[in-house]
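*Asks:* Here is a sequence with its predicted model. Questions after.
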Amino acid sequence: MTIHHHPFDEPLIGFAAGTLDLGQHVAVATHLTRCSRCRDVMHLMEHVGGAVLAGLSPTPMSSDAFARMEARLRQPVVHEVRCERPGSGALDDMPGLPAFVRLYSAAPWKWIAPGVRLRPIRLPAESDTRVFLLKSAPGTKMLEHTHTGTEMTCVLTGSFSHEAGQYGPGDFDLGDETVKHNVMVGPAEDCICLVAMRGELRLAGIIGTLIQPFIRL
Amino acid sequence: MMSADSQRASDGERWAGLIEAVAVRQDRSAFATLFEHFAPLVKTFMRRSGVTEASADELAQETLLMVWRKASVFDPSTAGAAAWIFTIARNLRIDAHRRGRRGGLTETSDVDAEFQVDESPGPDSRLAAAQAETRVRAALAELSEEQRRVLELSFYQEKAHGEIARILHIPLGTVKSRSRLAMNRLRNLLGEFS
């Protein structure tokens, strides 16, 4: 399957640099597991990171740094015991998620609108971005909406389309306050997307205004 | 006399050789050489990322400790020594940042796992490390000082283009165009390999 929609350079650099917020990191990682082209760019940026590191001017280490470290070399490695997490396995059946995301716990699916269900994913560290799965029935027409922050979407199964084109498995879509979307879900099957959302989703029009308080995205 | 470039290229091979010596025979003197060279660079990297002096020292030690422990998984065919050490430092910086934040970790997080995205089957077109290192350096050298600076700043912390503009006292549009030019050059480089 060919991927047509890729992240811009900024999130790819951010991923390689390790500066993305965890929620956004998860969204970009979901695309990267499917897209070897963007993986190449990301790894290239890790080489750039290596070159940046190599080109820095050194800061002298504290005088006992090496001695302290050497003492630690002799100590046996203590592996953190990883307990089975309560929610682990919850996302196992979800195709297209990176392995580390499948270990996260997730809340049950909840109804948010006709034909649309949402499943929050619980991140293991604080994040300004909320991550959830969004499942929409075939043919669902999503309400016209804008955002107050950045929204990253990666398709896991099925497809949707809006003004910028058609999106299938692995495709990545970035929405922000400048984008107004009329999303139509493909006719063949449920469309499941991973969404990382910063800020609030604003539904346009009177219906949006009426149901907005109940959805609480 | 060697040119600066070939000097650096052979440096890369030398560091990779030292890491392999650590992997194969727990070579302490090879490790000491790596520590002496890389720990102070990692410390600068941490300082620029906004980490305090004491923590930067600790994190640089921690990074080199990981070099010792993980030396056997270092694959010189896919990562250069500097790039590999960069990724270790990057992951430790993320971990330290999470631990330090108010609220902190809600559960154990495994930063290394979060970067394992090479899962899909099919030929992997990752650049051969030796080539990549030299070429990336050459490409960076071709960038203008300003383009390089914009690119470099994105490695230290979450710097939206807007913030980089503020730091460099240049308009946002200029940051965007410099960043785009820098990336186009690097992408061309990628094109040459595939």
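*Replies:* Here it is on my side, so go on.
*Asks:* Report the contact partners of B:Val136.
*Replies:* A:44, A:47-48, A:50-51, B:186, B:189 (CB atoms under 8 Å, 6 or more residues apart in numbering or on different chains). (C-beta placed from N, C-alpha, C; glycine too.)
*Asks:* which of the residues you listed sit farthest apart?
*Replies:* Put simply, by CB to CB the two of the contacts of B:Val136 set farthest apart are A:Gly50 and B:Leu189, 14.5 Å from each other.
*Asks:* The two - which one has more neighbours?
*Replies:* A side-by-side neighbour count of A:Gly50 and B:Leu189, using other CB atoms under 10 Å in any protein chain shown, places A:Gly50 first with 25 against 19.
*Asks:* got the contact list for the residue nearest the centre of chain B?
*Replies:* Nearest to the centroid of the C-alpha atoms of chain B, with distances taken as CA atoms, centre = their mean, sits B:Phe86, at 2.9 Å. Contacts of B:Phe86 were listed using CB under 8 Å, 6+ apart, and they are A:46, A:49-50, A:52-53, B:45.
*Asks:* now for the strand or helix carrying A:Val155, which elements pack on it?
*Replies:* Using DSSP states H and E, the element containing A:Val155 is strand A:151-157. Helices and strands touching strand A:151-157, by 3 or more CB pairs under 8 Å, 6 or more residues apart in numbering or on different chains; DSSP states H and E, are helix A:22-34, strand A:172-175, strand A:191-197.
*Asks:* who wins for proximity to A:Lys135 among those?
*Replies:* Among the helices and strands packed on strand A:151-157, the nearest to A:Lys135 by CB to CB is strand A:191-197 (4.9 Å).
*Asks:* Just the C-alphas of that closest one, formatted as CSV.
*Replies:* C-alpha atoms of strand A:191-197 as CSV (Å, rounded to 0.1, in the frame of the first residue of the first chain):
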residue,chain,number,x,y,z
CYS,A,191,-12.0,4.0,9.6
ILE,A,192,-9.8,3.9,12.7
CYS,A,193,-7.3,6.7,13.3
LEU,A,194,-4.8,7.5,16.0
VAL,A,195,-5.1,11.2,16.8
ALA,A,196,-2.8,13.4,18.9
MET,A,197,-4.6,16.6,19.8
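*Asks:* anything in that strand near chain B?
*Replies:* No - Strand A:191-197 is not in contact with chain B by CB under 8 Å from any CB of the partner chain; minimum separation 13.6 Å.
*Asks:* Compute the inter-axis angle for that strand and strand A:151-157.
*Replies:* Strand A:191-197 and strand A:151-157 are oriented at 160 degrees to each other (axes from the mean of the first three to the mean of the last three CA atoms, to 10 degrees).
*Asks:* List the strands paired with strand A:191-197, with their directions.
*Replies:* Using DSSP bridges, the strands paired with strand A:191-197 in its sheet are strand A:130-136 (antiparallel), strand A:151-157 (antiparallel).
*Asks:* how about JSON lines for these, with mean pLDDT and mean neighbour count added?
*Replies:* As requested, the strands paired with strand A:191-197 are exported to JSON lines (pLDDT from 0 to 100; neighbours: other CB atoms under 10 Å in any protein chain shown):
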{"stretch": "strand A:130-136", "mean pLDDT": "93", "mean neighbour count": "21"}
{"stretch": "strand A:151-157", "mean pLDDT": "94", "mean neighbour count": "24"}
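*Asks:* Which residue of chain A lies farthest from its centroid?
*Replies:* If you look at how far each residue of chain A sits from its centre, by CA atoms, centre = their mean, the farthest one is A:Ser63, at 42.4 Å.
*Asks:* Let me know the secondary structure of that residue.
*Replies:* Following DSSP: H, G, I helix; E, B strand; the rest coil, A:Ser63 is assigned to coil.
*Asks:* ditto for the one 3 residues further on
*Replies:* Remark: A:Phe66 carries the secondary structure label helix [criterion: three-state DSSP].
*Asks:* can you tell me how far it sits from chain B?
*Replies:* Here the distance between A:Phe66 and chain B works out to 6 Å (CB to the nearest CB, to the nearest Å).
*Asks:* what separates that residue from B:Asp27, distance-wise?
*Replies:* Taking CB to CB, to the nearest Å as the measure, A:Phe66 and B:Asp27 are separated by 15 Å.
*Asks:* What ranges does chain B have for its helices?
*Replies:* When assigned using DSSP state H, the helices of chain B occupy the ranges B:4-25, B:28-48, B:53-70, B:81-100, B:111-114, B:129-142, B:145-153, B:161-168, B:172-193.
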